[in-house]
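[1] One predicted model, sequence on top.
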Amino acid sequence: MSFRFITKSIHTYLIDYPVAIVLIVAAFLLKLGKSSPVALWLSVVTRVSLLLSAFTDHPTVLVRVIRDWLHLWVDRALGVVSITAPSTLHFTGLDAGYSWAFAAAVLLTTSALNAPEVSAAQRAYLDTRTPMRGSIGS
């Protein structure tokens, strides 16, 4: 059984747009930046970049500029920046925890849980396949 369930559609509709907005607002509500003012602004800048979906080859695009694979690699780079920022920029407490939690979520979403998009036609084909002769169970 595969745990990869985050398709391009789920990534766009349920993650990028709403999560980016919530995380930007949360940075201010949680009053990030107590250990370093850079923590707040790095948090906002990296979360704004989640809005790359507006320029990525998705159904909800404003302008098609960025390919989906590049969008995923930018997201992964943001995850790496968020992992290393607390150590390199000396964040502590909530600032560090927020950065690490974001990094873990982004890296899981774009790597371990990322699944290819399956069209309705492909799903229909997969549902009607018959087992090959000589395969197990035939």
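    Arrived safely, thanks for sending.
[2] And the helices in this protein?
    8-10, 17-29, 37-48, 68-88, 93-107, 120-128 (DSSP state H).
[3] which one of those helices lies closest to residue 55?
    The minimum distance between residue 55 and the helices of the chain falls on helix 68-88, with 8.3 Å, by C-beta to C-beta. Where you see a C-beta, it was placed from the backbone N, CA and C, and this is true even at glycine.
[4] now for that closest one, which elements pack on it?
    In this structure, helix 68-88 packs against helix 37-48, helix 93-107, with contacts taken as 3 or more C-beta pairs under 8 Å, 6 or more residues apart in numbering; DSSP states H and E.
[5] Keeping just the C-alphas, turn that helix into PDB.
    This file holds the C-alpha atoms of helix 68-88, laid out as PDB (Å, rounded to 0.1, in the frame of the first residue of the first chain):
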ATOM      1  CA  ASP A  68       5.400  21.800 -11.800                       C
ATOM      2  CA  TRP A  69       8.700  20.000 -11.200                       C
ATOM      3  CA  LEU A  70      10.400  23.300 -10.600                       C
ATOM      4  CA  HIS A  71       7.700  24.400  -8.200                       C
ATOM      5  CA  LEU A  72       8.300  21.200  -6.200                       C
ATOM      6  CA  TRP A  73      12.100  21.700  -6.100                       C
ATOM      7  CA  VAL A  74      11.600  25.300  -4.900                       C
ATOM      8  CA  ASP A  75       9.300  24.000  -2.200                       C
ATOM      9  CA  ARG A  76      11.900  21.500  -1.200                       C
ATOM     10  CA  ALA A  77      14.600  24.200  -1.100                       C
ATOM     11  CA  LEU A  78      12.300  26.200   1.200                       C
ATOM     12  CA  GLY A  79      12.200  23.100   3.400                       C
ATOM     13  CA  VAL A  80      15.900  22.900   3.600                       C
ATOM     14  CA  VAL A  81      16.200  26.600   4.300                       C
ATOM     15  CA  SER A  82      13.700  26.200   7.100                       C
ATOM     16  CA  ILE A  83      15.600  23.300   8.600                       C
ATOM     17  CA  THR A  84      18.900  25.100   8.600                       C
ATOM     18  CA  ALA A  85      17.700  28.600   9.500                       C
ATOM     19  CA  PRO A  86      17.400  28.000  13.300                       C
ATOM     20  CA  SER A  87      21.000  26.800  13.600                       C
ATOM     21  CA  THR A  88      22.600  29.300  11.200                       C
END
